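S.K.: sequence below, structure please.
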Amino acid sequence: MTTALPPVVSQQEWLAARKALLAKEKEATKLRDQINAERRRLPMVRVEKDYVFTGPDGELSLAGLFEGRSQLYIHHFMWRDDLDTGCPSCTASAGMNFTPQVLAHLHSRDITFAAVSRAPAEKIQAYKAKHDWTFPWYSSHGSDFSYDMHASLDESRRPVEYNYLSKEELKQRGFPEEMMKGDMPANSVFLRDGDEVFHTYTAYTRGLDQLFTPYNFIDFTPYGRQETWEDSPEGWPKLTDRLER
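M.R.: Here you go, the predicted model:
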């Protein structure tokens with residue numbers, strides 16, 4: 001199968017096209033700065049419920065997950081019920097991003113990182129040991145935490161809502177019924193003021209794109225992510241092409 005190629009032009013034509021794109025890239029950077037500034041101005045909600053988490057040393061409250069810092073970033077580590085194991089994408093992210101070096105940078109900004117899963121603590125610790133990970137990872141098994149954050153979908157626990165859309169809105173957007181259960185991609189951020197904890201932010205689905213480090217490299221390349229949903233020229237390779245060979 002022949003792969004399509006970008007058009008070949010002179011250096012001058014390429015430079016003109018590159019400068020035109022650069023102007024748009026600068027606009028996007030400024031817009032991202034503006035969005036980050038608005039995020040820093042979001043209001044927050046006091047966490048009233050007494051969530052209980054289990055770690056290797058026993059039970060902790062949500063405030064206990066902060067490790068004495070004022071800010072807490074939680075990665076909702078997805079659990080595959082069909083395989084009874086950690087999600088492959090979360091596993092890949094953990095290997096690349098949940099490292100002592102990255103966590104040290106967060107700690108320098110008064111931010112604690114923790115992963116949370118609804119799986120029982122013993123399964124989490126076994127999976128963590130298998131991968132030789134050292135980052136904090138807690139079980140919320142038995143609590144409402146993952147469901148209240150809409151990182152886990154179970155209609156018997158809470159009405160289905162994901163990415164700030166109701167079940168009906170999700171269905172209208174083509175979200176299949178069979179996907180409205182189990183764990184979904186999500187992160188949540190909290191702020192502590194003394195003994196009080198506040199929920200400041202949660203993002204879902206492609207709102208987490210920039211956190212998967214390889215995308216930051218792939219998006220600079222001519223063929224991009226090669227996903228079927230991407231707006232690419234005719235003949236550009238797609239992941240499905242490679243799977244069908």
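S.K.: any low-confidence regions in this protein?
M.R.: By pLDDT under 70, the low-scoring segments of the chain are 1-2, 241-245.
S.K.: for it, longest helix please?
M.R.: For the chain, the helix with the greatest residue count under DSSP state H is helix 11-40.
S.K.: list the buried residues in that one.
M.R.: For helix 11-40, burial by neighbour count (16 or more other Cβ atoms under 10 Å) applies to no residue. The C-beta positions use only the backbone N, C-alpha and C, and glycine is treated the same way.
S.K.: let me see the contact set for the most centrally placed residue in the chain.
M.R.: Geometric centre of the chain, nearest residue: Leu208, 3.9 Å, by Cα atoms, centre = their mean. Contact analysis of Leu208 by Cβ atoms under 8 Å, 6 or more residues apart in numbering lists 185-187.
S.K.: give me the residues contacting the helix or strand following the longest helix of the chain.
M.R.: Moving toward the C-terminus from helix 11-40, the first helix or strand encountered (DSSP states H and E) is strand 45-46. Outside strand 45-46, the residues within contact range by Cβ under 8 Å, 6+ apart are 196-199.
S.K.: check the offset of whichever helix or strand comes after strand 45-46 from the chain's centre.
M.R.: Later in the chain than strand 45-46, the nearest helix or strand by DSSP H and E is strand 52-55. Computed by Cα atoms, centre = their mean, to the nearest Å, the chain-centroid distance of strand 52-55 equals 21 Å.
S.K.: try stretch 31-40
M.R.: 18 Å.
S.K.: can you give me the strands in this protein?
M.R.: Here the chain has its strands, by DSSP state E, at 45-46, 52-55, 58-61, 71-76, 79-80, 85-86, 111-117, 137-139, 152-153, 161-162, 165-166, 182-183, 186-193, 196-204.
S.K.: buried ones in stretch 186-194?
M.R.: Buried, per 16+ other Cβ under 10 Å, within stretch 186-194: 186-192.
S.K.: pipe those residues into TSV and attach distance to Gln71 per row.
M.R.: As requested, the buried residues of stretch 186-194 are exported to TSV (distance: Cβ to Cβ, whole Å):
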residue	distance to Gln71
Ala186	17
Asn187	13
Ser188	12
Val189	7
Phe190	7
Leu191	6
Arg192	7
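S.K.: wait, which of those residues is closest to Thr85?
M.R.: Ala186 (18.7 Å; Cβ to Cβ).
S.K.: I figured the closest one hits Ala151, correct?
M.R.: Yes: using Cβ atoms under 8 Å, Ala186 makes contact with Ala151 at a distance of 3.8 Å.
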